[in-house]
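Enquirer: just coords:
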């Protein structure tokens, strides 16, 4: 009987290849095949050694290249064929990454696996956007929500709990439902003047950032013609964005120079 392979569910981080963990880098070098998402950056894909097979299963809102059930089947079949598989996922596998579903599929087929955390997009985008997710006197907690439910189901969230002026709200995959989110937050009592930020392609050399207020957020994003992936951050901590900026201004003023940013 052929020996089963092994699957590593690996977080690739938000885009900057240098934010990957040492373990993630080692596993890429040891893999037989890398199965990767759309949000894994070209810089990270370039780190995959020559000779290692690559398989794209990229998904995006409204246009799923490969359904999740088929992705599960792909990684299971590769492992059953004896391959050492790196399932490379943008951000962190267990933060809105459906890594749990893939792990359960592997468990069902008695395939050994490991989970390698990655820097989730909320942490990466906020840090590169000059926005601390928590700050004394401004934010006592952080809430992570997704603006996109499975199979395009309507958002069913406890808006009264989410609309907390003493917390930071981070919204993943929120562009398509942003008007509803903004309206629901204001209706639930969050002030329309609450500071808000949108960060496109966070941590990459094409990062764009805008700072506005909650009731103007949707119009500002449309005016700037932002496209997914965009991370939305809402809360008083956004007021620190310009003062704590270290990355966006370097992109806009000098172009991206790695050495200059690391002096």
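Expert: That came in fine, so what should we check first? Model, not experiment: these values are computed from the prediction.

Enquirer: got the domain ranges for this protein?
Expert: Domain assignment of the chain by automatic domain parsing yields the ranges 6-119, 122-250.

Enquirer: endpoints of the shortest one, how far apart?
Expert: From the first residue to the last, domain 6-119 extends over 23 Å; the measure is CA to CA, to the nearest Å.

Enquirer: now residue 169: phi and psi?
Expert: Dihedral angles of residue 169 (phi, psi; degrees, to the nearest 10) stand at phi -110, psi 130.

Enquirer: specify the beta-bridge partners of it.
Expert: Residues in a beta bridge with residue 169, per DSSP bridges, are residue 143, residue 234.

Enquirer: that one is in contact with residue 162, isn't it?
Expert: Yes - the pair residue 169 and residue 162 qualifies as a contact (CB atoms under 8 Å) at a distance of 6.4 Å. Quick note: C-beta positions are derived from backbone N, CA and C, even for glycine.

Enquirer: more crowded one of these two?
Expert: Using other CB atoms under 10 Å, the more surrounded residue of residue 169 and residue 162 is residue 169, with 24 against 18.

Enquirer: and that one, how far from residue 161?
Expert: In this view, residue 169 and residue 161 are 11 Å apart by CB to CB, to the nearest Å.

Enquirer: could you do residue 80 as well?
Expert: Counting by CB to CB, the gap from residue 80 to residue 161 is 43 Å.

Enquirer: next one: residue 3
Expert: Residue 3 is 49 Å from residue 161, by CB to CB.

Enquirer: those two: which is more packed in?
Expert: Using other CB under 10 Å as the criterion, residue 3 and residue 161 rank with residue 161 on top: 10 against 6.

Enquirer: so what does the more buried one look like in phi/psi?
Expert: Torsion angles at residue 161 (phi, psi; degrees, to the nearest 10) stand at phi -70, psi -40.

Enquirer: and for residue 9?
Expert: Per-residue torsions, residue 9: phi -90, psi 110 (degrees, to the nearest 10).

Enquirer: who's in contact with it?
Expert: Shown in contact with residue 9 (CB atoms under 8 Å, 6 or more residues apart in numbering): 87, 89, 93, 99, 102-103, 113-116.

Enquirer: so what's it bridging to?
Expert: In this structure, residue 9 bridges to residue 87, residue 115 when assessed by DSSP bridges.

Enquirer: related to what we said a few turns ago, highest neighbour count among the contacts of residue 9?
Expert: Neighbour counts for those peak at residue 87, which has 30 neighbours (criterion: other CB under 10 Å).
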